[in-house]
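**Q** Based on what follows, work out the 3D shape:
(chains A and B)
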Amino acid sequence: MKVLSEEGKKITLLGNEAICRGAIESGVEFASTYPGTPASEIGDTFYKVAKEAGIYFEYSTNEKVAMEAAAGAALCGARSLVAMKNFGVNVASDFLMPLVHTGVRGAMVIAVADDPSCWSSAQSEQNTRAFSLSGYIPTLEPSDPQECKEFTKLAFEISDKFKIPVLVRETTRVALQSMPVLFGKVFKEKKERKFIKDPHQFSTMPPRVLEMKSELLEKIEKIREISEKSEINQIIQQPTTNNQQPEIGIITSGVSYLYVMEALKELDLNLPVLKLGFFNPLPEKKISLFIKNLKKVLIAEELEPYLEREVKILAKSVNPQLKIYGKSLLPLIGELKPEHLLNAISQISEKHLAFDFKKHLEKFLTLNFAKRRPQFCPGCPYWLVVAAIKKAVDLKEVVFGGEIGCYMLLSSPPHYLQDYLYCMGSSIGVAHGIKKINKNQKLISFVGDASFFHTGIPALINTVYNKSNPLIIILDNGTTAMTGQQPNPGATKSAYAIKIEDVCKAFGIKNLKIIDPINQAEFVEAVRSFLKSNETSVIIARRPCIRLKT
Amino acid sequence: MKNNFNIIIGGVGGQGIITLTRILTEAALIEGYDIKTSELHGLSQRGGSVETHIRFGKEVSSPLVRQGGADLIISLELNEGFKACYYGSLEKETIFLINNFTIPIISDKKEKITQNPSEFKKFSSRVIFVPATKIVEKELGKPVLASSFLLGTAIFRKFLPISQKSVIEAMKKILPSKHFPLNKKAFLLAEKTLL
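**A** Take a look at the predicted model:
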C-alpha cells in the first residue's frame, strides 16, 4: 500500500490518503470512521493498511459512536483519529462539545471533509467552521495533500501538548485533490495503554464543567500563541522593494489560497498574501499587523464569511479606513473557482483581465445541453423494488419518505419516489409524525441497511412504542453502497452479522417480511396488505448490491 | 514548456475516467512535472456526468482548470464534450478530442440530447472527433478501452507534452496486471488508425 511507503519517497496521494499518512507518521494507534463522501477514502485507506501498519481500525455504526470510540482510546493515552464528512459532525456533536471540555490523555485528531457545492451531499451546504467556533475546537485548514499530511501531524502535536482534540478541516477540492506528497519518518511508540481513573478531569458534572470551560478558554489562548508564531500562518510574496508599501493584500485559507496564487500569477501581480493554516484560534496579532498599513484587503474563503467578520472586527481598532472585500465580490453559495478569484482580484487591483469571462460564459450558456443525472447501476436490486411498488400502489396516493444512500436516486426521473429527504435515520422518525397526524394517509418510508444501524433504530423503536402504522421498507443490499461498499453491522457475509429481522422482532414488530425483490408478486402483495395495517410494518428487501465483490 | 498544461477529462460514470486520470498523472510525474488533479467521488459516479482536472508543469497551485483555460479536453462521450466547453476557448486554442459516441440520457422531459457538433467551433478551432468506442469494439471487443485509445490518439498526435514511453510505463504501474496488455493494445491501436 502506497501510504506505507518509506521516508523520503514522493508519492501521488489524494488529500484524504495524505491525512492517513500524516496520522501514520504521527504514530496513530486507533482510527475509526463512518463513511461519507468526500471523506470516505480516509477510512477506506486505514481499512486497507491497518493490519500491516499495526493500527486498530473500525467502521463504526455512526459518527457519534466512531468519535466516542476514538475518544475512549485517547482517554487511555493512545493516539487516535476519527474521520467523517460534515454532517457526521452534527451526529457526533452531542459528544464532541463536552469532549473538548474534558480533553484527552493521549492525542486525538478529528478529520472532517466539507462539501461546498454539495457535489456528493444532499441535506445542506454545511460549514464545519461553525462548530469550531461554537465548540472552541482548535481547527486547521490544509489547502493541498502535502499540507493534509503536515497539518495532521501538527494537529497531533497540538493535541498531545494541550490534551485537546484538534480538528483538521478539508473541503471536497482538498480531500479529492491529488499531488506528489513527500513522505516523512514514521513515529512508533510501543506503550501499554490503560484508562487511569481521574473523574475530576473526565466527568463533566457541574459545577466542575464550568471550571473546565475556563480551563478550555485558557488552552485556546495558549494555542493562539502557537498560532501567532506558526509557520502555517504565513505571509507569502511580501513585495520585494522596501520603499514601496503595498496597498492591497489578500487573506485566505484552504483551497482558496491555491486559486489566489494562480490568479496573481495570471494577472502578473505581486501582492502580499496572508495564508491562514489555523482557522481556530486565529492569529489576531498577525492579522492586525498584516492589515495595519493596507488600503484594501480581499478575504478569500469559501462559504460563510467567518474570516471576513474577524478581519472587520480587528480592522476597527488598527485600520478603520481599510476597505474590506469578501462576500461582496465572491459567492457565499457554492465552492470558489479560480475564475472567481481572477475576477475579484482584477476588480480590486484595477488590473485588466486578458480573458472576457462574462462573454465566454454567455456563449457557454447558449449550449443548453441536456443534464445527465446519476442512475441506479444496471442490475441494482433497487430497480426491482421500484418496479414492485409501481405495480402495488397508485403513486399519487402514497407519501414516500427518503433517506441518505443510493436510494436518494429514487427522487430522479423516471422514479419520483421521494417526497421528503433530510438526513441519516430521519425517514422513519418523520414518517411516525405524519402517521400520528393522519393515520389513513398511506406512507412508505425507505431506509437502507447502513442507515438503519446508523440512526434508524431509535426512530423505529419510537414508532412501535408510540404506536403508528407506516410501512418501512429496509433496502438491505448488504453494504454501505453509496460511499464505496464498506461493510456494516448487517453485512450478510460476516458470521457476526446482526440480522435486521432479529432487531425488528425484538421490538415486537409482527408485520415483518423478508423478501428478495426478484419475487415481484410476493413483494407487491406484501406492500398492498401492509399499507392497510394499523400497526408498524417492515419489509426487508434483501438482495445484494451489484457492486459487492463476492 | 512555459506555462502549465491544463487537461479536462469528461465522460459518464463507468467509462474509466478516474483510471485515465491516474495514468496521465503518473505519466506526467515520470516526465518530471509538478502536478495537481481534482476529481469527485460518490453518488454522481453512478452513470452521471464525470469531469476530472489535471494540471502539470513547473509549479502548479490550483487543482482546478479555470474557465476557458484548458489546453486539452478529452471527452469520452459527445454530450459530455459540450459540458466541457466551459473550459475551452479560442484564446487558449483548446484542443477538443471527442469520442464520437453517445450514451442516452434517461429523462422524461423532451430535452435536446445532442447539439450540433459545429457548436464546438465557438470554443475552439481545433476539434477532433474520433469514433473511439466503435473502433475498439470492432478491433478489441471491449468498449471500455475507448479511454486508452483516446489517450493514444492524444499522445501520437502530440496534443500534450508527454511521451509514449512515459504513458506505457504509467499504464503498467496504474492498471491491474490483467488489464494492462489489452489497454496497451488499445493505446497502440491509435497510432495505426491515425486519421
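**Q** Surely residue A:132 and residue A:167 touch.
**A** Yes - under the criterion of CB atoms under 8 Å, residue A:132 makes contact with residue A:167 at 6.1 Å. (C-beta placed from N, C-alpha, C; glycine too.)
**Q** Of the two, give the one with the bigger neighbour count.
**A** residue A:167 (26 against 22; other CB atoms under 10 Å in any protein chain shown).
**Q** What are the phi and psi values at that one?
**A** phi -100, psi 130 (degrees, to the nearest 10).
**Q** Check the one 10 residues further on too.
**A** Reported as degrees, to the nearest 10, the phi and psi values for residue A:177 are phi -90, psi 140.
**Q** Quick one: neighbours of the spatially closest residue to it that is not a sequence neighbour, just the number.
**A** What sits nearest to residue A:177 in space, not counting adjacent residues and going by CB to CB, 6 or more residues apart in numbering or on different chains, is residue B:63, at 4.2 Å. Using other CB under 10 Å, residue B:63 has 29 other residues around it.
**Q** I'd like the distance between residue A:382 and residue A:426.
**A** 19 Å (CB to CB, to the nearest Å).
**Q** how about the strands in chain B?
**A** Applying DSSP state E to chain B gives strands spanning B:5-12, B:34-38, B:49-57, B:72-75, B:95-99, B:126-130.
**Q** how far does the second one sit from the chain's center?
**A** Distance of strand B:34-38 from the chain centroid (CA atoms, centre = their mean, to the nearest Å) equals 15 Å.
**Q** Kindly format the C-alpha coordinates of it as CSV.
**A** Below are the C-alpha coordinates for strand B:34-38, written out as CSV (Å, rounded to 0.1, in the frame of the first residue of the first chain):
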residue,chain,number,x,y,z
ASP,B,34,4.8,19.1,-10.8
ILE,B,35,1.2,18.0,-10.9
LYS,B,36,-2.2,18.6,-9.3
THR,B,37,-5.5,16.9,-10.1
SER,B,38,-9.1,17.2,-8.9
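**Q** Show me the domain layout of chain A.
**A** For chain A, automatic domain parsing gives the domain ranges A:2-229, A:238-365, A:381-542.
**Q** picking up where we left off before, who's more crowded, residue A:382 and residue A:426?
**A** The residue with more neighbours, out of residue A:382 and residue A:426, is residue A:382; 26 against 22, by other CB under 10 Å.
**Q** To residue B:174, which of the domains of chain A lies closest?
**A** domain A:2-229 (10.0 Å; CB to CB).
**Q** Quick check: end-to-end length of that closest one?
**A** 33 Å (CA to CA, to the nearest Å).
**Q** Where does the prediction get shaky in chain B?
**A** B:44, B:107-115, B:195 (pLDDT under 70).
**Q** which stretches of it form helices?
**A** Counting by DSSP state H, chain B has helices at residues B:17-30, B:78-83, B:132-140, B:146-156, B:164-174, B:180-192.
**Q** try the stretch 51-200 of chain A
**A** A:63-75, A:86-102, A:129-134, A:145-162, A:172-175, A:199-202 (DSSP state H, counting those that start in this stretch).
**Q** Quick one, which of the ones you listed gets closest to residue A:21.
**A** helix A:145-162 (5.1 Å).
**Q** For the closest one, C-alpha coordinates in PDB please.
**A** Written as PDB, here are the backbone C-alpha positions of helix A:145-162 (Å, rounded to 0.1, in the frame of the first residue of the first chain):
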ATOM      1  CA  PRO A 145      -2.400  17.000   0.100                       C
ATOM      2  CA  GLN A 146       1.100  17.800   1.300                       C
ATOM      3  CA  GLU A 147      -0.500  20.100   3.800                       C
ATOM      4  CA  CYS A 148      -3.100  17.500   4.700                       C
ATOM      5  CA  LYS A 149      -0.200  15.300   5.800                       C
ATOM      6  CA  GLU A 150       1.700  18.100   7.600                       C
ATOM      7  CA  PHE A 151      -1.300  19.600   9.300                       C
ATOM      8  CA  THR A 152      -2.500  16.300  10.500                       C
ATOM      9  CA  LYS A 153       0.900  15.900  12.200                       C
ATOM     10  CA  LEU A 154       0.700  19.300  13.700                       C
ATOM     11  CA  ALA A 155      -2.800  18.600  14.900                       C
ATOM     12  CA  PHE A 156      -1.500  15.500  16.700                       C
ATOM     13  CA  GLU A 157       1.400  17.600  18.200                       C
ATOM     14  CA  ILE A 158      -1.100  20.300  19.500                       C
ATOM     15  CA  SER A 159      -3.500  17.700  20.700                       C
ATOM     16  CA  ASP A 160      -0.700  15.900  22.500                       C
ATOM     17  CA  LYS A 161       0.700  19.100  24.100                       C
ATOM     18  CA  PHE A 162      -2.600  20.600  25.200                       C
END
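**Q** show me what contacts the residue nearest to residue A:177?
**A** Contacts here follow CB atoms under 8 Å, 6 or more residues apart in numbering or on different chains; on that basis residue B:63 touches A:144, A:173, A:177, A:178, A:179, A:255, A:258, B:36, B:37, B:38, B:53, B:55.
**Q** Enumerate the beta-bridge partners assigned to the residue most central in space within chain B.
**A** Nearest to the mean C-alpha position of chain B, counting by CA atoms, centre = their mean, stands residue B:74 at 3.0 Å. In this entry, residue B:74 is beta-bridged to residue B:9, residue B:97, by DSSP bridges.
**Q** In a markdown table, list the domains of chain A along with mean pLDDT.
**A** Formatted as a markdown table, those follow (pLDDT from 0 to 100):
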| stretch | mean pLDDT |
| --- | --- |
| domain A:2-229 | 97 |
| domain A:238-365 | 95 |
| domain A:381-542 | 95 |
